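Visitor: A predicted structure for the sequence below; I have some questions about it.
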Amino acid sequence: MSIALDQVTKRYQDQPVVNDVSIEVGEGEFFVLLGPSGSGKSTLLRAIAGLTGIDHGRISLHGRDVTHVRARDRGVGLVFQNYALFRHMTVADNIEFALRVRRMKAADRRERRKELLKLVALEGMDERLPGQLSGGQQQRVAVARALAHKPQVLLLDEPFGALDAKIREELRRTIRAVQRELGITTVLVTHDQEEAFALADTIGVMNHGRLLEVGQPHDLYAQPATRFVATFLGAANLLLARQTSDGIRFGATPVDAEGAEPLQAGREHEVVAVLRPEEVEIASNRDDLRSNYIARASVEEIVFTGALERLRVRLLDEPSAAQLLGSSSEGDARLEITRTQHDRRGLPLAQGAQIAIGARRLHVLPTPLSSFLACGATEVDAAALAREPLLESLSTRMKTRVGLRAIDGLTGTPKPFAGVAAIAAGPDAAPTVEWLLRHGAAEVLVLPRNAPSPTRVFIHWTDEIARRATLAVAASLLRHVSAEAVYLGIVPESRPGSGRPAPMRALLDARSEAQQTHGLEMRTELAIGETVTELTRNLSTGSAQMLVLGITDITQASSAYRSLLAAQPGWPVLIVYRPTEARAAPDLVAPGTAA
Amino acid sequence: MKNVGQREPNVIPGFGITLGFTTFFLSAIVLLPLSALVLKTAGLDWSRFLEVIASPRALASYRLSFGASLVAACVNMVFGFALAWTLVRYEFPGRKLVDAIIDMPFALPTAVSGIALTTIFAGNGWIGQYLEPAGIHVAYTPLGITVALTLIGMPFVVRTVQPALQEVQRDLEDAAETLGAGRFYIFRRIIVPTVLPALLTGFTLAFARAVGEYGSVIFIAGNKYMETEITPLLIIFRLEEYDYAGAAALGFVMLSISFVMLLAINLLQVWGRKRLMVSR
């Protein structure tokens, strides 16, 4: 491995800006770190360069552990967004800077400089001052300067940020060519997905300090695992669907979808499906569609963008139709469609036209958290709960909706629950959780009033059967909050000392499963004592903490864990329930852990 | 010919009025007194003029005035830079206070600082009592004059270098570091050249201020004949003798030397700025 990051964490004032990031970049690979501003990508790049120290983890370059090596001894070349050229030196002096530091002979320096200027197509500019060059030329000089000392790794921090579109593309091509020619391992940081697609062998997407997904551009685009990646890499429509025993359905309409996993233990559940704008088919009526029908819609907006026509349509309410997740607020759920000029000529549309839409290709996200359903004794209580800051920020970040449901008296047979049921913490919470779980809810979020966004999330399950589901839920949750994940293993005190290795191993297994299956980097801690006491003790150590609790027995919720669900002192608890019958399902038992 | 007399409207209005005001202000406040000085000097005949300005006493005073000012400005350039560096680069308790104290010499009446310095450095003063036995005499020597001139010139250097240091992008240092440069190398090759124009400006201001300084020096200098007499003091002497032409002649010499030196430094800066700022 050319660059290996192992659980790198960087905090500013206790807030993690880079959170447990592990990356491996192969020899000669062009790796693009993509993320919105503030996602921690630049901090991570600076950490690789050695300009920022890290609080936790290891960094190695070409097999050499450089975690504590100074920047100047790491052998990296770094290019900045604002070029950072030495303005009082000529182009020649800038490029030769690293060589002069190394006391290279003047003749050798000149030779190397000529070579580099040729590489970046700036021959003859030697005696210019940076101020006499255009932005694009300055950045070329910066690239040449960063390569002068033959670094093993080239790092580029938003190198095209300050350039206009045309020069940007030209420089992009130069950098790609230079990288190919030298075969140098390169990491580029950008917020521009187009740039990432154009340059990367591999893209790593970051958000809230976490590395969400790593993959080849095409795979990430076609099969994202998270809604953030789905919506950040290109445009995406997110739809709520139900996974039933005979496949994915929108209401009553079955559709084909990629990525859908087989149904677990016969429980229908809600899933999130990604529909790319270019995969939407439009026809004047349902029978003319060649792909799966989704809904009827009316055209609200048509924008001409040159090669493509961009449409925004409103889905017309139909019980059998798809439910759309709005990208912003719930009332603003519009489906985005793009189509080629060829398609446009086939079916010209005007604003207000009624059309039938179908999905050529749907991709189901593996996330277990689809939407929220705020439950209260009355609609008013439910609405108040839905306005809780944590629930509001979670649903916004997850680009999902919060439904409302009145569950007065906990009697009768309710409509089936979809998504995560949310209830208020308090003395009634435990029986309510039990009732919800009995009536089909699989995840219940118990919220104390005004809970802050967590900075640390504890993960615990009472039975190994709930492990996979709990990890999946925790991973999904942690993609949307910038908190660190800590798995808490608890061993009863009565257990004889000889039994210790088993829990230790379970701890390590849990960590590697979280990492490999769910892409979740988590810390592990082992506590000895009684479960509820230990959980309470750990949750009490900080102000903004949260618990994800996997259980297999409904009555546990109302009896043993009652005290955890109290309003005071109060911390959010997300209960993940997987019934014991699921033991029969083979895919729930990971190899090596059945014992 | 409709366009005759119509000018292209300027982006910022009021060019005529501002130029007029500038010219008037400069004439009334700066040029007029200076011309008066030259005119007064012209009242002397050539031999008398030479006698006044080239007398051994006058020559000694030039050496002292310009020499001490030059030394003080150099000292300020080094320590003022260090002060500015500390204020810009480090966070420490009391930083704001130190920042405020820097300006004190601006506000203090120069006579007060002169008396204070004399008190401290005199043979029985707080610091003087330890220095005198060691053979270091500060009060009533050229060294004392230099100390006083350093004090009043210090804020000029700090206040000009401070913003320049703030503007040195951290990226430049980071870039140099990834290229293999050590801290001292970065300081010498990147930071100093970048703030050099500002440092020169600070030096010029401190020097100019020191040359013209009178109040604070008079007290600590002791004004010994041919030894600690600065040129402004000689001018005062002439005035007390009602020899206005002689005073003007000395003033004219100071003015000429200062002008030449300031012009040289300014040209140096213009040249430096051209190297740095082309089409920035």
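Guide: Looks like it arrived, so ask away.

Visitor: looks to me like residue A:53 is in a helix.
Guide: No. The assignment for residue A:53, made by DSSP: H, G, I helix; E, B strand; the rest coil, is coil rather than a helix.

Visitor: for it, give me phi and psi.
Guide: phi -70, psi 160 (degrees, to the nearest 10).

Visitor: can you pull the contacts of it?
Guide: A:10, A:47 (C-beta atoms under 8 Å, 6 or more residues apart in numbering or on different chains). All C-beta atoms are positioned from the backbone trio N, CA, C, and that covers glycine.

Visitor: what separation is there between it and residue A:14?
Guide: Distance, residue A:53 to residue A:14, using C-beta to C-beta, to the nearest Å: 16 Å.

Visitor: cool, residue B:267 as well?
Guide: Residue B:267 is 54 Å from residue A:14, by C-beta to C-beta.

Visitor: and the two? Which one has more around it.
Guide: Neighbours per residue (other C-beta atoms under 10 Å in any protein chain shown) separate residue B:267 from residue A:14, with residue B:267 holding more: 10 against 7.

Visitor: just checking, that one is part of a helix?
Guide: Yes. Assessed with three-state DSSP, residue B:267 lies in a helix.

Visitor: looking at the helix or strand in which residue A:533 is found now, give me its mean pLDDT.
Guide: Under the criterion of DSSP states H and E, residue A:533 resides in helix A:531-539. Across helix A:531-539, pLDDT averages out at 87.

Visitor: tell me the helices and strands packed up against that helix.
Guide: Judged by 3 or more C-beta pairs under 8 Å, 6 or more residues apart in numbering or on different chains; DSSP states H and E, the packing partners of helix A:531-539 are strand A:456-461, strand A:484-491, strand A:523-528, strand A:545-551.

Visitor: now those strands in TSV, with mean pLDDT?
Guide: As requested, the helices and strands packed on helix A:531-539 are arranged in TSV below (pLDDT from 0 to 100):
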stretch	mean pLDDT
strand A:456-461	91
strand A:484-491	87
strand A:523-528	86
strand A:545-551	91
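
Visitor: now tabulate those strands in JSON lines and tack on mean neighbour count.
Guide: Shown next, in JSON lines, are those (neighbours: other C-beta atoms under 10 Å in any protein chain shown):
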{"stretch": "strand A:456-461", "mean neighbour count": "24"}
{"stretch": "strand A:484-491", "mean neighbour count": "21"}
{"stretch": "strand A:523-528", "mean neighbour count": "16"}
{"stretch": "strand A:545-551", "mean neighbour count": "25"}
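
Visitor: in the helix or strand bottoming out on mean pLDDT in chain B, which residues are buried?
Guide: The weakest-scoring helix or strand in chain B, judged by mean pLDDT, DSSP states H and E, is helix B:244-277 (a mean of 82). By 16 or more other C-beta atoms under 10 Å in any protein chain shown, the buried positions in helix B:244-277 come out as B:245-255, B:258, B:261, B:265, B:269, B:276.

Visitor: just stretch A:110-129 next, same as before
Guide: For stretch A:110-129, by 16+ other C-beta under 10 Å, it's A:112-113, A:116-117, A:119-120, A:122, A:125-126, A:128-129.

Visitor: and these, which is closest to residue A:231?
Guide: The closest of the buried residues of stretch A:110-129 to residue A:231 turns out to be residue A:120 (C-beta to C-beta; 35.8 Å).

Visitor: quick one: the closest one and residue A:139 touch, right?
Guide: No. Contact between residue A:120 and residue A:139 fails when scored by C-beta atoms under 8 Å: they sit 9.0 Å apart.

Visitor: what packs against the least confident helix or strand of chain B?
Guide: Other helices and strands packing on helix B:244-277, by 3+ C-beta pairs under 8 Å, 6+ apart, are helix B:32-42, helix B:46-53, helix B:56-89, helix B:192-212, helix B:231-240.

Visitor: if we use 6 Å, what do you get?
Guide: helix B:32-42, helix B:46-53, helix B:192-212, helix B:231-240 (3 or more C-beta pairs under 6 Å, 6 or more residues apart in numbering or on different chains; DSSP states H and E).
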